[in-house]
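Chemist: Need coordinates for the following:
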Amino acid sequence: MQTSFFLQQLINGLSLGSMYALIAIGYTMVYGVLRLINFAHGEIMMIGAYTALFCITALNLPFLAALALAMIFAACIGIAMDKIAYKPLRKVPKISLLITAIGMSYFIQNLFNILFGARPRLFEAPEYLQKVFIFGNLNISIVSIFVPVLTFFILLFVLYVLYKSKYGIAIRALAFDVSTVNLMGIDANKIISIVFALGSALAAIGGVFWALNYPSVDPYMGVLIGLKAFAAAVLGGIGSVVGAVLGGLIIGFSEVIVVAFFPELGGFKDAFAFIFLVFVLLFKPSGILGINYERSRF
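Modeler: Okay, the predicted model is just below:
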């Protein structure tokens, strides 16, 4: 096996895993605070991609401005989703919230299908993001370098917010006990909105860069990607931000390795993420960096 071939797959897996990680962080933060698996999180990613596409094609905005607006719009959608669908059900059994999340997922999918049709739309990257550097047999695109670096700095930012800011302290306190937080004068609903906004903005980033790598968007693009990101969050230890990133990278690498080294199994690459998850959970049910919820959060 050539070293260059292995390095190429390493870079591809790092880029793919970083996109899963960005989406998985939102899953794990919402779960850490509300014990809610927001199955509509993949649709937030899809909304972010469509928003960026609209800003670029209809408004003729530069890519970075489109990305910023996609993040803002996705954050607003995340807050609205919480206010409309989840906030009224805070005190009901968790199964009701879970069913509501699944319902929101299907509602958004079908809404975008009606508005934009099921046909995939081309998402063309700006010229400076289409550049490819060639080092011998290695082909390294700008995006494959930029996404992992961006994910690393986003992870540092999220950890800084959680452990060094007053909002982060409130988020971690809320994850322990909502009633006590309210008694201390903290607006729990405001903090929950911040969590949804942050997680949704990160999902939008993941969606936009996914559309750059696989240059199209469609109303159902978030379904399988969202499930894989959820698997990444569980694999890394749901409730752990670092675990979400680790799980995303592991699943990204596993997909790329299957296709690269076992091409005859390429048709089953989507299943390998969940097969790998099952095997890990058999030996460590809480995930790789699973958290003891009696002692810590995130």
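Chemist: Mind telling me what element the residue minimising distance to the centre of the chain is part of?
Modeler: Geometric centre of the chain, nearest residue: Ile23, 0.4 Å, by C-alpha atoms, centre = their mean. Per DSSP states H and E: Ile23 is located in helix 3-34.
Chemist: and the residue nearest to the centre of the chain, what does it touch?
Modeler: Taking C-beta atoms under 8 Å, 6 or more residues apart in numbering, we find Ile23 in contact with 41-42, 45, 202-203, 206-207, 225-226, 229, 232, 248. (Glycine included, C-beta is placed from N, CA and C.)
Chemist: now, which of those sits nearest Leu10?
Modeler: Using C-beta to C-beta, Gly248 comes nearest to Leu10 of the contacts of Ile23, at 15.2 Å.
Chemist: Assumed that closest one was part of a helix.
Modeler: Yes - according to DSSP: H, G, I helix; E, B strand; the rest coil, Gly248 belongs to a helix.
Chemist: Ignoring the adjacent residues along the chain, who's closest to the residue nearest to the centre of the chain?
Modeler: Ala229 (3.6 Å; C-beta to C-beta, 6 or more residues apart in numbering).
Chemist: In this model Gly17 seems to touch that neighbour, though I could be wrong.
Modeler: No - if you go by C-beta atoms under 8 Å, Ala229 and Gly17 don't touch, sitting 10.5 Å apart.
Chemist: Those two: which is more packed in?
Modeler: Using other C-beta atoms under 10 Å, the more surrounded residue of Ala229 and Gly17 is Ala229, with 31 against 27.
Chemist: Now do the same contact list for the more buried one.
Modeler: 20, 23-24, 27, 41-42, 45, 206, 248.
Chemist: what's the lowest-pLDDT member of these?
Modeler: Of all those, Tyr27 carries the smallest pLDDT score, 89.
Chemist: now the host helix or strand of Ala173 and helix 3-34, what's the angle there?
Modeler: Using DSSP H and E, Ala173 falls within helix 166-176. Angle of helix 166-176 versus helix 3-34, following axes from the mean of the first three to the mean of the last three C-alpha atoms, to 10 degrees, is 70 degrees.
Chemist: can you pull the buried residues of helix 166-176?
Modeler: Residues 167-168, 170-175 are the ones in helix 166-176 that count as buried (16 or more other C-beta atoms under 10 Å).
Chemist: Would you mind identifying the next helix or strand past the least confident helix or strand in the chain by mean pLDDT?
Modeler: In the chain, the helix or strand scored least confidently by mean pLDDT, DSSP states H and E is helix 178-183, which has a mean of 74. Per DSSP H and E, the first helix or strand lying C-terminal to helix 178-183 is helix 188-213.
Chemist: Give me the phi and psi for the nearest residue to Ile134 once chain neighbours are set aside.
Modeler: Using C-beta to C-beta, 6+ apart and skipping the chain neighbours, the partner closest in space to Ile134 is Ile140 (7.8 Å). Backbone torsions of Ile140, given as degrees, to the nearest 10, read phi -120, psi 120.
Chemist: so Ile140 bridges to which residues?
Modeler: For Ile140, the beta-bridge partners are Phe133 (DSSP bridges).
Chemist: tally of neighbours for it?
Modeler: Ile140: 17 neighbours (other C-beta under 10 Å).
Chemist: just checking, it touches Pro148?
Modeler: No - the criterion here is C-beta under 8 Å, and Ile140 misses it with Pro148 at 11.4 Å.
Chemist: what's near enough to touch the residue nearest to Ile134?
Modeler: Contacts of Ile140 (C-beta under 8 Å, 6+ apart): 11, 132-134.
Chemist: Tell me the spacing between it and Val256.
Modeler: 14 Å (C-beta to C-beta, to the nearest Å).
Chemist: where does this structure dip in pLDDT?
Modeler: Across the chain, the ranges flagged by pLDDT under 70 are 1, 266, 291-298.
Chemist: The same query, at a cut-off of 50, please.
Modeler: Scanning the chain for pLDDT under 50 picks out 294.
Chemist: still on that earlier bit, can you tell me which of the contacts of Ile23 is nearest Tyr160?
Modeler: Nearest to Tyr160 out of these is Leu202 (C-beta to C-beta; 14.3 Å).
Chemist: quick one: Val158 and Leu198 touch, right?
Modeler: Yes - contact criterion C-beta under 8 Å: Val158 and Leu198 qualify, at 7.3 Å.
Chemist: Identify the residue nearest Ala66 in space, chain neighbours excluded?
Modeler: Closest to Ala66 by C-beta to C-beta, 6+ apart is Cys55, at 3.6 Å.
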